[in-house]
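Asker: Next comes the sequence, and after it the predicted model I'd like to discuss.
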Amino acid sequence: MIADLQGKVAIVTGGANGIGRATCVAFAQAGARVAVIDQDAAGANATCDAIRQSGGEAIAVAADVGDAVQVRHYVQTTLAAWGRIDALFNNAGIGGVQSPVVDYPPEVFERVLRVNLIGTLLGMQGVLPGMIAQGSGAIVNMASVSGNVGAPTMCAYSASKHAVIGLTRTTAAEVGRQGVRVNAVCPGPIDTDLMDALHRGINPQEPDAVKAFNVGRNPMGRYGDPAEVAKVVVFLASDGASFVNGAAWVIDGGRTAI
């Protein structure tokens, strides 16, 4: 077991696949009941099925995290099911398009910010009143190593992740004395659909060559697995991280160390 979350309730946005699905499963393995949130209703239900097959409890809620009404709905649905919320993983996000800043479509930039940044804000606003009232809770926001360094041709994604880290630290400073901790995770290259799309965007003819190049630059000589990120998220949501607040944990195999 990664951590002891028996009797706890966790919400994971973007839970239909990749890091989100792995984290939903990890939360359930740690004993939490899990609300799986995603626009992809079929994918969210598939994640719930995986949890239930292992004896866990889960519900699926289809929602657009960038829409305040739909965020309120997933929060209220979780509360109606289990009466409390102990952890939120604001994971849902999109990459946008790849383009130099000078040509980047403003409408795409705005959409990336709506999902990655506004979605994070709305998720926190949805759960914080209840967490503050109960005097406990943990929020983990999905940032990226692209929130610590520049990401050429991905200005919207990088800008959104820099902003998520700032939002995380600001919120942590505001609510720490009320028993709520807020942290971020900053993954590097992880084997997910998002990375596959990035490879194709850089070199549609030879996406595998892009991956091979990136792998060659990593001190560990590989990409991370979604489950490796999930373990860190669940730890940050547990009492094992009881004095970790306002942090941005890098999970990149050492890529930004060189």
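Answerer: Here it is on my side, so go on.
Asker: backbone phi and psi for Asn141, please?
Answerer: phi -100, psi 140 (degrees, to the nearest 10).
Asker: shouldn't it be in contact with Thr120?
Answerer: Yes. The pair Asn141 and Thr120 passes the contact test of CB atoms under 8 Å, sitting 5.3 Å apart. No exception for glycine: its C-beta is placed from N, CA and C like everyone else's.
Asker: Not counting its neighbours along the chain, what's nearest Val65?
Answerer: Sequence neighbours aside, Gly119 is the residue nearest to Val65 in space, at 3.4 Å (criterion: CB to CB, 6 or more residues apart in numbering).
Asker: Could you say which helix or strand holds Asn183?
Answerer: strand 180-187 (DSSP states H and E).
Asker: if I look at Asn91, how far off is Ala247?
Answerer: Using CB to CB, to the nearest Å, Asn91 is found at 17 Å from Ala247.
Asker: quick one: which of those two has more around it?
Answerer: Looking at Asn91 and Ala247 with other CB atoms under 10 Å, you find the greater number of neighbours at Asn91, namely 30 against 18.
Asker: could you pull out the strands for this structure?
Answerer: Per DSSP state E, the chain carries strands over the ranges 9-13, 33-38, 58-62, 87-90, 137-142, 180-187, 248-251.
Asker: a markdown table please, covering the ones you listed and showing mean pLDDT, mean neighbour count and distance to Thr171.
Answerer: A markdown table is the format used below for the strands of the chain (pLDDT from 0 to 100; neighbours: other CB atoms under 10 Å; distance: least, CB to CB, whole Å):
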| stretch | mean pLDDT | mean neighbour count | distance to Thr171 |
| --- | --- | --- | --- |
| strand 9-13 | 99 | 28 | 16 |
| strand 33-38 | 99 | 30 | 19 |
| strand 58-62 | 98 | 22 | 23 |
| strand 87-90 | 99 | 29 | 11 |
| strand 137-142 | 98 | 27 | 7 |
| strand 180-187 | 98 | 25 | 5 |
| strand 248-251 | 98 | 20 | 13 |
